[in-house]
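Visitor: structure for the following, please:
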Amino acid sequence: MTDIILKAEHLKKVFISGKKSMTAVDDVSFGLERGECLGIVGESGSGKSTLLKVISGVYKPSAGKVTVNGTIAPLIELGAGFDMDLTARENIYLNGTVLGYTPKYIDSKFDDIVEFSELQEFLDVPLKNYSSGMVARLAFAVATMTKPDILIADEILSVGDFLFQEKCEKRMAELLSGGTTVILVSHSIEQIERMCNKVAWLDHGHLRRLGPTKEVTAEYRKFEKKDAMKADKVEG
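Guide: Next up is the predicted model:
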């Protein structure tokens, strides 16, 4: 028997503004087992972030359903769950509470969070004075302070420095080996190839391809190359 931890069935998300409607996600289905890492690729506007928000419960699907057997730690929007006027110290407790942890539990993990984020000297500085990379460090450290069943990361690692990205990848690899399921959106195909065992390719809200990482990324690279050549011709 397979151990399906997340199942998306015929997901659709339509945004309506006045008389206009826009379908961001259209009939997307897939299942994930414990310890799997799914990479999601696609051009800007293909529906990647919307799909993650539907899966994590930020958006209600217009059609279809999501079944989740466990806890989700979403890293979808930089600074979501934080109050930019509060200090990092205060935000650790605020965000930890939002994720469902008790103050006592956060106390026990506080030093680990600070050490991982490498923000010891800036703990009592309001987040509005942080760079986007520093906010990302804090968000990742809080979200992974315990072992969530599912970690969702949307471009969260693209704003940090290279060494911290490596550190985050190592932490995600540890979570994966411990049974956490990861859904990763990244513009870095190399990162997706390093981390993921399967890839979903979204194209205008549709699931164009779902399969083993190397097969899908090879096809996607060809698509990107053709796209770049078309753009060069237009500019030329």
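
Visitor: what mean pLDDT does stretch 129-147 have?
Guide: Mean pLDDT, taken over the full extent of stretch 129-147, equals 89.

Visitor: how close does residue 204 get to residue 55?
Guide: From residue 204 over to residue 55 the distance is 19 Å, taken as C-beta to C-beta, to the nearest Å. Bear in mind the C-beta positions are built from the backbone N, C-alpha and C, glycine included.

Visitor: of those two, who's got more company?
Guide: Ranked by neighbour count (other C-beta atoms under 10 Å), residue 204 and residue 55 place residue 55 first, with 25 against 14.

Visitor: if I look at that one, how far off is residue 170?
Guide: From residue 55 to residue 170 the distance is 25 Å (C-beta to C-beta).

Visitor: can you check residue 205 too?
Guide: Counting by C-beta to C-beta, the separation of residue 205 from residue 170 is 33 Å.

Visitor: what about these two, which has more around it?
Guide: residue 205 (23 against 10).

Visitor: correct me, but residue 13 touches residue 58?
Guide: No. Between residue 13 and residue 58 no contact is recorded; they are 10.6 Å apart, counting by C-beta atoms under 8 Å.

Visitor: residue boundaries of the helices in this structure?
Guide: Under the criterion DSSP state H, the chain carries helices at the ranges 48-55, 88-98, 103-117, 132-143, 162-177, 189-195, 213-235.

Visitor: and of these, who's closest to residue 80?
Guide: In this view, the helices of the chain are compared for proximity to residue 80 by C-beta to C-beta, and helix 132-143 is the closest at 7.9 Å.

Visitor: and that closest one, what's buried?
Guide: Buried positions in helix 132-143, judged by neighbour count with 16 or more other C-beta atoms under 10 Å: 134, 135, 136, 137, 138, 139, 140, 141, 142, 143.

Visitor: also stretch 77-92?
Guide: Residues of stretch 77-92 classed as buried under the neighbour-count rule (16+ other C-beta under 10 Å) are 77, 78, 79, 81, 82, 86, 87, 88, 90, 91, 92.

Visitor: and stretch 21-36, by the same measure?
Guide: The neighbour-count criterion (16+ other C-beta under 10 Å) identifies 23, 24, 25, 26, 28, 30, 32, 34, 35, 36 as the buried residues of stretch 21-36.

Visitor: same check, this time on stretch 93-103
Guide: With burial defined by 16+ other C-beta under 10 Å, the residues of stretch 93-103 counted as buried are 93, 94, 95, 96, 99, 101.

Visitor: pLDDT-wise, what's the bottom of those?
Guide: Across those, no position has a lower pLDDT than residue 99, which has 79.

Visitor: for it, what are its contacts?
Guide: 73, 81, 142, 143 (C-beta atoms under 8 Å, 6 or more residues apart in numbering).

Visitor: tell me how far it lies from residue 208.
Guide: Residue 99 sits 33 Å away from residue 208, going by C-beta to C-beta.

Visitor: who's in contact with residue 15?
Guide: Per C-beta under 8 Å, 6+ apart, neighbours of residue 15: 21, 22, 24.

Visitor: assess the claim that the last one and residue 42 are in contact.
Guide: In other words, residue 24. No. The pair residue 24 and residue 42 does not pass the contact test of C-beta under 8 Å, sitting 11.5 Å apart.
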